[in-house]
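Student: Test case, fold it:
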Amino acid sequence: MRCNFSIYRFDPNIDKKPRYQEYKIDAEPTDKILDCLNKIRWEQDPTLAYRYSCAHGICGSDALMINGRIELACQKLVRDFKTGHNFVIEPLPLFDVVKDLIVDLEPFFEKYRQVQPYLIAAKRKSDKEFIQRAENQEFIEPALRCILCASCTAACPINRARPDYLGPAALLRAFRYIFDSRDSITDKRLEKLDIEDGIWGCKTMWWCTEVCPKEIPITKCLGQIKRAIKQKEKEGTMPEKNLLAGFSFFSDVDSDTLDAISQKGEILEFNAGDVIFHYEEPSTHFYGLLEGEVDLVLVFKDKVLKTDIEYEEAIQATMVDEEKEIIVDTVAPGQVFGWSSVVGTGKRTVTAECAEASRIISIPAAELKAMFDKDHTLGYIVMKRLSDIIARRLRNRTDKLIETWGEAFDIGSI
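Tutor: As a prediction, this is how the structure comes out:
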């Protein structure tokens, strides 16, 4: 039978904006959607880009939006869709498109790594096999079916509203080890997830469960994590939260190190309108926002924007020679901020100003660096990450300006 495919196309090296391209092929009702994509690529358009590997629902690499629903292309047949042989194929939502139907899954796997997705067993003197109890294995069995296809995370509406939320896939993997009787850091795992961007980000909407190609009861599994935390609190065995525990910035730092960092910090309180820092040099402190809201304001001293309109509309503004301030980012509780030499000095500086009354933990950058110098790898990661976060925030908000004015605006190094 004749089938019509409307496929999302976008090549950032060529296209200015996405488009949909139409293809017509002959297919059987028992053909997989992946078979149809292969037929289009092999017989009509070799430039079409998409991911697949095993083609049997094991690797999880071919998750797509098919007729508005997230599915694995290798698991769905043409006859499964009652749309008159018409198909609209799109990339997974939430993630940035690399090309056509391929998305950047690095943010997905970065969050996955944050939950320490591996068994951490206590040291044992015995050389014998470490047996797991049968009832324990049965309890975590559903989570073992996860193939990391990212369907649940892409479907979750909370991930779209809260970019720092770990997401159902990472939390499901955390569930798998929290309830593994052989793991030795269950309490620490629970403590790490006991934050708004952790397990409490889940609002029990069930979308993750509905789209899971392996029919894992994800929402129920996440509910077990919530129940375990509440039970620990009821028993009084849940450790007191560290002030920095809610910062995703420190998600891969162990609790002992986190306690040591907090002891170096000082809690500061500011009123609305107070300036926290105004540096032309790299910041001497690390700042973490506990409560309130802080604006990062970029100040240009030479050629700057002259506009009374919102920043998002500044692309239409003109350039003049005078000092001008632009709010480039708003820091929310649980986020870190500071100033770094990645931006440099001279024509631009940054001011951090409280948009409302705020509580902030301030840690001398030198203390933080000295603490991590004992582990040079971790020290490099932490200090560099602070710089990268600031640079990425500014870059995301200034890309359009760079594209329009380029070197004339002199912000290419941000």
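Student: switch to C-alpha atoms for all contacts and neighbour counts from now on
Tutor: Will do.
Student: Can you say which helix or strand has the most centrally placed residue in the chain in it?
Tutor: The geometric centre of the chain, computed from its C-alpha atoms, lies nearest to residue 107 (Cα atoms, centre = their mean), at 4.5 Å. Counting by DSSP states H and E, the element that carries residue 107 is helix 106-114.
Student: tell me which residues in that helix are buried?
Tutor: Along helix 106-114, the positions that meet the burial threshold by neighbour count (16 or more other Cα atoms under 10 Å) are 108, 111-112, 114.
Student: now swap in stretch 80-98 and tell me
Tutor: Those would be 86-95, 97-98, for stretch 80-98 by 16+ other Cα under 10 Å.
Student: Give me the distance between that stretch and the centre of its chain.
Tutor: Per Cα atoms, centre = their mean, to the nearest Å, the displacement of stretch 80-98 from the mean C-alpha position of its chain is 23 Å.
Student: outside of that stretch, which residues touch it?
Tutor: Counting contacts by Cα atoms under 8 Å, 6 or more residues apart in numbering, the residues outside stretch 80-98 that touch it are 2-8, 10-12, 63-68, 70, 78, 100-105, 151, 154-155, 159-160.
Student: what about that stretch, start to end distance?
Tutor: From its first residue to its last, stretch 80-98 covers 28 Å (Cα to Cα, to the nearest Å).
Student: so who does residue 52 touch?
Tutor: Applying Cα under 8 Å, 6+ apart to residue 52 gives the contacts 59-62.
Student: picking up where we left off before, pick out the lowest-pLDDT one from the buried residues of helix 106-114.
Tutor: Across the set of the buried residues of helix 106-114, residue 114 stands lowest in pLDDT, at 90.
Student: Endpoints of stretch 81-91, how far apart?
Tutor: Chord length of stretch 81-91, first to last residue, is 18 Å (Cα to Cα).
Student: For that stretch, the averaged confidence score.
Tutor: Computed over stretch 81-91, the mean pLDDT rounds to 92.
Student: Kindly report the same for stretch 268-285.
Tutor: Here the average pLDDT along stretch 268-285 is 74.
Student: what does stretch 333-352 give?
Tutor: Within the predicted structure, the mean pLDDT of stretch 333-352 is 57.
Student: which stretches of this protein form helices?
Tutor: 33-43, 106-114, 134-140, 151-155, 157-161, 168-178, 186-193, 207-211, 218-235, 255-263, 365-372, 376-405 (DSSP state H).
Student: Would you reformat those as a markdown table and include distance to residue 244?
Tutor: What follows is the helices of the chain, written out as a markdown table (distance: least, Cα to Cα, whole Å):
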| stretch | distance to residue 244 |
| --- | --- |
| helix 33-43 | 45 |
| helix 106-114 | 15 |
| helix 134-140 | 30 |
| helix 151-155 | 25 |
| helix 157-161 | 22 |
| helix 168-178 | 20 |
| helix 186-193 | 10 |
| helix 207-211 | 29 |
| helix 218-235 | 18 |
| helix 255-263 | 7 |
| helix 365-372 | 13 |
| helix 376-405 | 14 |
